[in-house]
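Visitor: structure, please.
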Amino acid sequence: MYGWAQVPGTCGELAQGLIGDRFLHITCPIDAWVTASASLTAGSGRITGLDDRPKARRAVSRMLDEWNVTERFDVCVTLTNPLPLGKGLASSTADISACCFAVAQALGRDLSVNTLARIAIAVEPSDGLFYPGIAVFDHRKGSWGTTVGQPPVPPLFVLAYDLGGEVNTVEFNRRHDIIEANRQKESLVRQAFAQIIKGIRSGNPASIGAGATLSARANQEILHKEALEELIGGVSSLGTVGVNIAHSGTALGLLLPYKHRSRIESVIKWTESRFPKWTPLGSYQLVGGGPRYHEQSGEGWAI
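Guide: Numbering: from 1, shown residues only. Alright, predicted model coming up:
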């Protein structure tokens, strides 16, 4: 019994904040692929291959328990993940998702996004990258999520950088001031969500970028990003439509529409000359979330 699945990582979120009584974000999946393969043999519930990925191991174990198959199989998982930890790239959620989708395929079971959301949230606050397309997801409770549309075609490029340091997602979400700080920016977050969703549904990169930039600015009082205003002004003159951030991480992305793809090198050169201490994470494309299987892998547009 064998399964294979692939999910995208993320470059932070397009927007994030408290709306009403829900902590919500709009996903920003990118073509940085996390892949898992799973082999199942008759056994007693041993899970191997994930000793260095305890969150993914707990998620797989929980899924097997829910399906009452733990004591029937041993599971061997091989996981490949290019994403650094603690940067806001949803590395742990991608681990969990790829592994659970692969094991579910090996079992011949359909793993719904609602089931996976519940499993992932039981491990830690999670990204909604397992939803197809671009989604809005309650990343703290996991009780609500929905796909709001598909990424624009031609694609939106995301030039990703790490500003340095590391943020513990669990500890960040336990901050005593987190609810009030988010409440203060709720009106701006609502505006950002509206702009982004409008842009996704109309295929308008400028609207997506404007909403992402608004959310990034609104988050400065919660988790400050170095020289954000200078960055926004500098890269906008080079053809970008906005800047998005990891709202609880150290990464950010420069959003460049496909029609300006010839300016990628100019944007990179300016950014890296002005902020030499930042670590380039790569040039990606905004893609839809959700699992890929063998016949669906390798999507992307040429630069």
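Visitor: show me what contacts residue 232?
Guide: 213, 216-217, 242-243 (C-beta atoms under 8 Å, 6 or more residues apart in numbering). Backbone N, C-alpha and C define where each C-beta goes, glycine included.
Visitor: can you give me the buried ones in stretch 208-218?
Guide: By 16 or more other C-beta atoms under 10 Å, the buried positions in stretch 208-218 come out as 208-218.
Visitor: kindly apply the preceding question to stretch 248-266 instead.
Guide: Buried, per 16+ other C-beta under 10 Å, within stretch 248-266: 248-257, 260-261, 263-264.
Visitor: and for stretch 176-192?
Guide: 178, 181-182, 185, 188-189, 191-192.
Visitor: and for stretch 128-145?
Guide: Per 16+ other C-beta under 10 Å, stretch 128-145 contains these buried residues: 128-131, 133-140, 142, 145.
Visitor: stretch 49-69 too?
Guide: Applying 16+ other C-beta under 10 Å to stretch 49-69 flags 49-50, 53, 55-64, 69 as buried.
Visitor: give me the element residue 181 is part of.
Guide: Using DSSP states H and E, residue 181 falls within helix 178-184.
Visitor: which parts of the stretch 51-200 of the chain are helices?
Guide: 54-66, 91-107, 113-123, 169-173, 178-184, 186-202 (DSSP state H, counting those that start in this stretch).
Visitor: to residue 26, which of the ones you listed lies closest?
Guide: Closest to residue 26 of the helices of the stretch 51-200 of the chain, according to C-beta to C-beta: helix 186-202, at 5.4 Å.
Visitor: list the contacts of the very next helix or strand once past that closest one.
Guide: Counting by DSSP H and E, the next helix or strand C-terminal to helix 186-202 is helix 205-218. For helix 205-218, contacts defined as C-beta under 8 Å, 6+ apart pick out 13-17, 28, 152, 156, 185, 188-189, 191-200, 225, 228-229, 232, 240-245, 247, 252, 255, 257-258.
Visitor: so for helix 205-218, what's the average pLDDT?
Guide: Mean pLDDT, computed over helix 205-218, is 98.
Visitor: what's the angle from that helix to helix 186-202?
Guide: 160 degrees (axes from the mean of the first three to the mean of the last three C-alpha atoms, to 10 degrees).
Visitor: pLDDT (mean, whole number) over the next helix or strand after helix 205-218?
Guide: Downstream of helix 205-218, the next assigned helix or strand under DSSP H and E is helix 228-236. For helix 228-236, the mean per-residue pLDDT is 97.
Visitor: CA-only coordinates of helix 228-236 in CSV, if you can.
Guide: Extracted in CSV, the C-alpha atoms of helix 228-236 (Å, rounded to 0.1, in the frame of the first residue of the first chain):
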residue,chain,number,x,y,z
LEU,A,228,8.7,48.3,5.5
GLU,A,229,7.8,51.7,4.2
GLU,A,230,11.1,52.2,2.5
LEU,A,231,10.7,48.8,0.9
ILE,A,232,7.2,49.4,-0.3
GLY,A,233,8.2,52.7,-1.9
GLY,A,234,11.4,51.4,-3.5
VAL,A,235,10.0,48.3,-5.2
SER,A,236,6.7,49.9,-6.3
